[in-house]
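1. Here's a sequence, model it:
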Amino acid sequence: GDVYKRQGINAEYMGKRFIIFSKIKPEMEEPLEKPYPEYEVDNRLKQGPLQERQKTDVNFLYAFFVALAGFFIFMIASMALKNKRALSPVFDSNGRACGYHPDTKDYPYVYIAFVHPRDLLFDRRVCVKACPSTSNKEIQCKETRNTVNCEDIANFQYDTQVFQDRYCIPQVASDIIQKVEEKVKSVLDAMFQDVANNFQVIILIILIAFTISFTCIVLLRYCAGVVLWFLIFAYMAFLVILGILFMSIKKNFEEGNGFYTFFNILGWTFFSIFGVSLLLTILCFKRISFLIGVLKAAAVFIQDNFWSVLIPPLFSSLQIVFFVIFVTSQIAFKSTGEPKQYTASTETNFGSTMGYTQFSGAQNFAQKLQWIFYYWVNFFIVHISQFILAGAVCIWYFTKRQNANPVIDSLKNVFQYHSGSAALGSLIFGIFTVIRTIIGQKDEAGCCNCMACFYRCCVMLLCKSCHEFLSFIGKHAYVEISLTGKSLIPACWDGFKVITRNAVRFSISSGMFGLFKTLGFLSITLMTTILSILMIQSTGLSNTIEYKFIFFIFSFVIGWIISDLYMEVLSNVGSTIIHCYIIDEELHKDSEPGFSPDALKRIMDENDKTKTLV
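-> I've put the predicted structure just below:
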């Protein structure tokens, strides 16, 4: 009866129908169809998130530390075995890598010997000890099949300079390159001086971006309905304007023309999207009202716990540091392979000057493991950030905002008890990402016709859908762990059951959050850029800056990063609040949710039917 009561179905009628049905099939104890998987909320949650916890998935945490140690051992071994000559090798006409091959180990530079114009048709690359010049007639080279005697080319040598520690290029080309380098260096120096002398401008741009973002959060707390409906109507107006625009463009072409048909289809497509969007908005009016309450509650959480906004950038900086370490490791590893020359493309070419690095089977396997370790650590950092934020929202919600430091308490819970679950979740994502990358590379190599390209697009779309599904389930699994202290797999199942019971609510909220996040992100970025430009132009700072466009780029990038930071936090907090509200409903089946924030409770009181939506 409770199952059907939550769905607004007459429980007494369903009970009578079940009694009749059970008389026909007495051996069956339950109805054949269930509206969603069975799920019982732990009543202990009425006292808040469970305090009695134990370490979850701890074996995977140990495995993570072993993998991390292996990663650094691999990097140290690569650094110790690296040979810079094996990285981007150059070859003579015999296919020997200069400075690497045993015969050419003492001849690190490649020089193109030019004796006669017909030599342009032949491969006369030789490895030399030093780049030749006309002032020094002596040339030390390693003979090849086309240059059997170094003395033959000594009388025809030309002035050269070392380039990239590998090539002997003509002095004329070297002079041109040097002039370009000097010009670029002077411009970069001037830009650096602009930034160094006007560093306060960067600080002001950052403050402008934070101020605009925080102002948007405050507006959401008090005017979430106005902001959300404005964004919805702006989106609708944008669709209509595009439809009218394409319909007007088609009038410039004759009927039956390809462009006429193309713009006609585009116009009707946008009008169709507008119609579907308008219909969904009307049908989901009550759910949008619920979402407004969630946005207000999310804004209250961010204002009450400002430090939660700093969690993503802190962990993102760790990602950047680890990425730099990983790139350094990969460059060192690439130099441990065997240099191989690119094969000739024509009969007159005996092989390319440049080459590539070939690895053994064991090295290829080690590199794949290294990529898995990289993705594992990268996703671990991301998941820890999501975990801490989800736990903070759960504590804030179920303690009725009485906890003064939910972020700190969540941080303690994650690192003391549940970092193993984050390690398991990130491992699953890491393996899936590597598989997805391998599939994408193989499909791209085999994309030789329309059907193959269509197949590749379908496979990649399926992989992307699976990734989004895993990400969505993973976020809600971390909410379940924050509430109940379960391990990852049972929490994933519980989170999946919560989602299936409230599929419509979650799907609509995800779509609306996506729209709100995108439009809010663009709005904050553009406002930051415009206000920063106006600030620079209207003050005396513009007279002291030589390259103003650098600061315009800075303002756009800073606005981009900070707005994305705020919108990502707002989206994650809102999604967690929805999950907590649903659990709150389950805990109080016969009454109103007991832990709902005031901002959300007021919306629900205005529209009582909203809270029974499934």
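
2. Show me what counts as buried in the helix or strand in which residue 472 is found.
-> Assessed by DSSP states H and E, residue 472 sits inside helix 450-484. Within helix 450-484, the residues that count as buried by 16 or more other CB atoms under 10 Å are 456, 463, 470, 472-484. In this view, the C-beta of every residue, glycine as well, is placed from N, C-alpha and C.

3. Please apply the same query to stretch 283-296.
-> Using 16+ other CB under 10 Å as the burial criterion, the residues of stretch 283-296 that qualify are 284, 287-296.

4. so what's residue 62 scoring on pLDDT?
-> Per-residue confidence (pLDDT) for residue 62: 93.

5. And for residue 36?
-> At residue 36, pLDDT is 41.

6. ok, which stretches of the stretch 301-450 of the chain are helices?
-> Counting by DSSP state H, counting those that start in this stretch, the stretch 301-450 of the chain has helices at residues 311-334, 361-398, 406-413, 419-445, 450-484.

7. Kindly reformat those helices as TSV containing distance to residue 59 and mean pLDDT.
-> Shown next, in TSV, are the helices of the stretch 301-450 of the chain (distance: least, CB to CB, whole Å; pLDDT from 0 to 100):
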stretch	distance to residue 59	mean pLDDT
helix 311-334	23	88
helix 361-398	15	89
helix 406-413	19	89
helix 419-445	7	81
helix 450-484	16	82
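
8. got those helices as JSON lines, with distance to residue 539 columns?
-> JSON lines is the format used below for the helices of the stretch 301-450 of the chain (distance: least, CB to CB, whole Å):
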{"stretch": "helix 311-334", "distance to residue 539": "28"}
{"stretch": "helix 361-398", "distance to residue 539": "37"}
{"stretch": "helix 406-413", "distance to residue 539": "37"}
{"stretch": "helix 419-445", "distance to residue 539": "47"}
{"stretch": "helix 450-484", "distance to residue 539": "44"}
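
9. Out of those, the one nearest residue 548 is which?
-> helix 311-334 (27.1 Å; CB to CB).

10. What is the closest one packed up against?
-> Here helix 311-334 is seen to pack against helix 58-81, helix 361-398, helix 548-587 when contacts are counted using 3 or more CB pairs under 8 Å, 6 or more residues apart in numbering; DSSP states H and E.

11. Nearest to residue 515, out of those helices?
-> Closest among the helices and strands packed on helix 311-334, once you apply CB to CB, is helix 548-587, at 10.8 Å.

12. Tell me what angle the closest one forms with helix 450-484.
-> For helix 548-587 against helix 450-484, the angle by axes from the mean of the first three to the mean of the last three CA atoms, to 10 degrees is 60 degrees.

13. other SSEs contacting helix 548-587?
-> So helix 548-587, by 3+ CB pairs under 8 Å, 6+ apart, packs with helix 171-197, helix 199-250, helix 285-304, helix 311-334, helix 361-398, helix 450-484, helix 488-501, helix 503-538.

14. returning to what we had before: next one: the helix holding residue 472 to chain centre, how far?
-> What separates the centre of helix 450-484 from the centre of its chain is 13 Å, taken as CA atoms, centre = their mean, to the nearest Å.

15. list the helices and strands it packs on?
-> Under the contact criterion of 3+ CB pairs under 8 Å, 6+ apart, helix 450-484 touches helix 361-398, helix 419-445, helix 488-501, helix 548-587.

16. Closest to residue 220 out of the buried residues of stretch 283-296?
-> Nearest to residue 220 among the buried residues of stretch 283-296, with distances taken as CB to CB, is residue 295, at 5.4 Å.

17. what residues are up against that closest one?
-> Contacts here follow CB atoms under 8 Å, 6 or more residues apart in numbering; on that basis residue 295 touches 220, 224, 227-228, 516, 570, 574.

18. And it, how close does it get to residue 598?
-> 14 Å (CB to CB, to the nearest Å).

19. cool, residue 413 as well?
-> 26 Å.

20. between these two, which one's more packed in?
-> Taking neighbours as other CB atoms under 10 Å, residue 413 and residue 598 compare with residue 413 leading, 23 against 13.

21. From residue 84, how far off is the nearest residue to the more buried one once chain neighbours are set aside?
-> Distance criterion CB to CB, 6 or more residues apart in numbering; nearest residue to residue 413, sequence neighbours excluded, is residue 391 at 5.6 Å. Between residue 391 and residue 84 the distance is 47 Å, computed by CB to CB.

22. just residue 77 next, same as before
-> In terms of CB to CB, residue 77 sits 16 Å off from residue 84.

23. same deal with residue 148?
-> Counting by CB to CB, the separation of residue 148 from residue 84 is 30 Å.

24. More neighbours: which of these two?
-> Neighbour tally, residue 148 and residue 84, criterion other CB under 10 Å: the higher count belongs to residue 84, 15 against 8.

25. Contacts only, for the more buried one.
-> Residue 84 sits next to 165, 335 when contact means CB under 8 Å, 6+ apart.

26. what pLDDT does it get?
-> For residue 84, the model assigns a pLDDT of 77.

27. So it versus residue 131, what's the distance?
-> Distance check for residue 84 against residue 131: by CB to CB, it reads 18 Å.

28. and what of residue 493?
-> Computed with CB to CB, the distance linking residue 493 and residue 131 is 68 Å.

29. repeat for residue 515
-> Distance of residue 515 to residue 131, given as CB to CB: 61 Å.

30. Between the two, which is the more surrounded one?
-> residue 131 (21 against 15).

31. so is the closest residue to that one other than its chain neighbours in a helix, a strand, or just coil?
-> Ranked by CB to CB, 6+ apart and with sequence neighbours excluded, the top spatial neighbour of residue 131 is residue 168, at 3.8 Å. Secondary structure, DSSP: H, G, I helix; E, B strand; the rest coil: residue 168 is strand.

32. what's the burial count for residue 251?
-> The burial count assigned to residue 251 is 11, neighbours taken as other CB under 10 Å.

33. phi, psi of it?
-> Main-chain dihedrals, residue 251, degrees, to the nearest 10: phi -70, psi -20.

34. same check, this time on residue 253
-> Here residue 253 shows phi and psi, under degrees, to the nearest 10, equal to phi -120, psi 160.

35. Can you name the residues that contact it?
-> Going by CB under 8 Å, 6+ apart, residue 253 touches 259-260, 263.

36. again, 10 Å this time
-> 259-264 (CB atoms under 10 Å, 6 or more residues apart in numbering).

37. Can you flag which of those belong to helices?
-> In this view, these that belong to helices under DSSP state H are 259-264.

38. Mind checking which of these are buried?
-> Buried among the ones in helices among the contacts of residue 253 (16+ other CB under 10 Å): 260, 263-264.

39. possible to save those as a markdown table with pLDDT and distance to residue 381?
-> Putting those into a markdown table (pLDDT from 0 to 100; distance: CB to CB, whole Å) gives the following:
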| residue | pLDDT | distance to residue 381 |
| --- | --- | --- |
| 260 | 84 | 52 |
| 263 | 85 | 47 |
| 264 | 87 | 49 |
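
40. Pick the one among these closest to residue 532.
-> Using CB to CB, residue 263 comes nearest to residue 532 of these, at 37.3 Å.

41. which non-adjacent residue is nearest that closest one?
-> residue 250 (3.9 Å).

42. Per-residue pLDDT of the one you found, please?
-> On pLDDT, residue 250 comes in at 83.

43. Quick one: residues contacting it.
-> Residue 250 touches 257, 259-267, counting by CB under 10 Å, 6+ apart.

44. Tabulate those residues in JSON lines, adding columns for distance to residue 314.
-> JSON lines is the format used below for these (distance: CB to CB, whole Å):
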{"residue": "257", "distance to residue 314": "57"}
{"residue": "259", "distance to residue 314": "52"}
{"residue": "260", "distance to residue 314": "55"}
{"residue": "261", "distance to residue 314": "53"}
{"residue": "262", "distance to residue 314": "48"}
{"residue": "263", "distance to residue 314": "48"}
{"residue": "264", "distance to residue 314": "51"}
{"residue": "265", "distance to residue 314": "48"}
{"residue": "266", "distance to residue 314": "44"}
{"residue": "267", "distance to residue 314": "47"}
